[in-house]
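In: The following block contains a protein sequence and its predicted model.
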Amino acid sequence: MDVLSDAVAAMRTGVPHSNRTLARAPWRTHFPASGNSAGFHVVLQGSCWLLPDGGEPVHLQVGDVAFLPRSRGHALADSPGAANPGGEPGAETVLLCGAYALDSAREHPAVAELPDVIHLPARVGQYSPLRAAIDLLGHEVDTRDGSGAIAPLLEVLLLFLLRAWHEAHPADSGWVAALRDPAMYAALAAIHSEPGAPWTVGSLAARAGLSRSVFAQRFTATLGTGPLTYLTWWRMTCAAQLLRDTDELVRVVAERSGYTSEYAFAKAFKREFGVAPGRFRDQGRTAA
């Protein structure tokens with residue numbers, strides 16, 4: 001069980017997309033803010049500037065990756081100057097850009113901890129899986145019959161983006177720390193792989209190889225929430241995903257979420273989302 005990929009999958013809605021863009025100086029493109037998507041830009045040729053709305057300009061060069069987990073409003077341009085392009089006239093920049101639809105109402109802590117703008121500069125020997133995914137995605141975007149492979153590649157790219165960031169920014173607490181801690185990771189993997197299992201603090205502590213008290217204290221200190229509180233949050237997140245993406249009966253969703261009573265599940269779900277499970281499913285289909 002890959003906890004990080006599982007967390008991202010639970011947030012993702014819709015189908016991701018990408019495109020390859022060629023721009024010649026002078027140029028500038030603005031991307032408005034969107035509360036339910038994340039976006040990335042990769043410089044394949046030339047260079048450009050990322051200009052976050054209200055933030056500091058970021059110079060992007062060949063191989064650099066910019067990731068905006070909350071699709072903050074931003075622009076791309078050949079120069080940081082809004083009205084006075086400074087790039088060489090006619091200089092070409094080739095970009096690979098893409099976007100993911102995410103459920104911002106259920107932002108996973110692993111994503112919530114990320115800054116609004118992530119810059120992963122190209123460095124020899126670093127982020128090898130990410131670079132390989134970018135190369136393959138760029139090839140598929142250019143291939144007329146490669147559309148069927150693009151969505152899965154985009155999902156892999158998102159996972160590698162997050163892994164690269166976590167590798168570059170070690171921390172003593174939060175999800176970055178939990179993913180590096182074998183004991184915490186074992187407990188999280190257990191919750192993610194079997195959210196409907198009758199987990200207790202004691203059984204999760206056993207998975208982590210720690211005493212009950214040490215585990216509970218360490219989990220809360222690292223992740224900022226208790227193990228059973230996170231278990232309930234994850235169960236509800238998985239239940240929402242099942243209701244949104246499948247035709248499973250509510251009774252079956254309840255069982256898979258660890259509830260023996262459909263009534264108890266519906267009550268817990270409404271407390272979490274403000275609507276009953278059936279109504280939640282109907283609203284999702286109406287929106288779709």
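Out: All right, it came through fine. Computed from a predicted model, the values in this text were never measured in an experiment.
In: what's next to stretch 176-196, contact-wise?
Out: For stretch 176-196, contacts defined as CB atoms under 8 Å, 6 or more residues apart in numbering pick out 1, 3-4, 6-7, 110, 113, 166, 169-171, 197, 199, 204-205, 207-210, 215, 218-219, 222-223, 227, 230-231, 234-235, 238, 255-258. Heads up, the C-betas are built off the backbone N, CA and C, glycines and all.
In: Now do the buried residues in it.
Out: With burial defined by 16 or more other CB atoms under 10 Å, the residues of stretch 176-196 counted as buried are 176-179, 181, 183-192, 195-196.
In: List the ones among the residues you listed that fall in helices.
Out: Counted as lying in helices by DSSP state H, out of the buried residues of stretch 176-196, are 176-179, 183-192.
In: Contact partners for L210?
Out: Contacts of L210 were listed using CB under 8 Å, 6+ apart, and they are A183, R218.
In: tell me the helices in this protein, going along the chain?
Out: Under the criterion DSSP H, helices of the chain are mapped to 3-11, 109-112, 128-142, 147-168, 175-180, 182-193, 201-208, 212-223, 227-245, 250-256, 262-273, 277-287.
In: Next up, the contacts around L76.
Out: Contact partners of L76, counting by CB under 8 Å, 6+ apart, are A23, R28, T29, F31, H41, C48, W49, L50, L51, L95.
In: actually F215, not the one I wrote
Out: Contacts here follow CB under 8 Å, 6+ apart; on that basis F215 touches A183, A187, V201, L204, A205, A208, P227.
In: Kindly indicate which of these lies nearest Y100.
Out: Taking CB to CB as the measure, Y100 lies nearest A187 of the contacts of F215, at 27.5 Å.
In: Quick check: that closest one vs A10, distance?
Out: Here the criterion is CB to CB, to the nearest Å. By it, A187 lies 17 Å from A10.
In: same thing with Y185?
Out: Counting by CB to CB - Y185 and A10 are separated by 17 Å.
In: again, but for V214
Out: V214 is 28 Å from A10, where distance means CB to CB.
In: When these two are compared, which one has more neighbours?
Out: Residue environment comparison for V214 versus A10 gives the larger neighbour count to A10, 18 against 13, counting by other CB atoms under 10 Å.
In: Please name the spatially closest residue to P52 (chain neighbours excluded).
Out: Across the structure, with CB to CB, 6 or more residues apart in numbering as the measure, the residue nearest P52 apart from its sequence neighbours is H74 (4.6 Å).
In: Could you count how many residues lie near that neighbour?
Out: Counted with other CB under 10 Å, residues neighbouring H74 total 23.
In: again, but for G202
Out: Neighbour tally, G202, other CB under 10 Å: 11.
In: Show the contacting residues for it.
Out: The contact partners of G202, taken as CB under 8 Å, 6+ apart, are R212.
In: mind redoing it with 10 Å?
Out: For G202, the contacting residues are S211, R212, F215, A216, taking CB atoms under 10 Å, 6 or more residues apart in numbering as the criterion.
In: Skip the chain neighbours and tell me the closest residue to the first one.
Out: Yep, that's S211 we're talking about. Counting by CB to CB, 6+ apart, the nearest residue to S211 once its immediate chain neighbours are dropped is A205, at 6.4 Å.
In: now the last one
Out: With sequence-adjacent residues excluded and distances taken as CB to CB, 6+ apart, A216 is closest to V201, at 5.4 Å.
In: what about the chain, any weak spots by pLDDT?
Out: For the chain, residues meeting the criterion pLDDT under 70 lie at 1, 35, 82-88, 104-105, 124-125, 142-149, 287-288.
In: nearest to F273, of the contacts of F215?
Out: Proximity of the contacts of F215 to F273 (CB to CB) peaks at P227, which lies at 22.0 Å.
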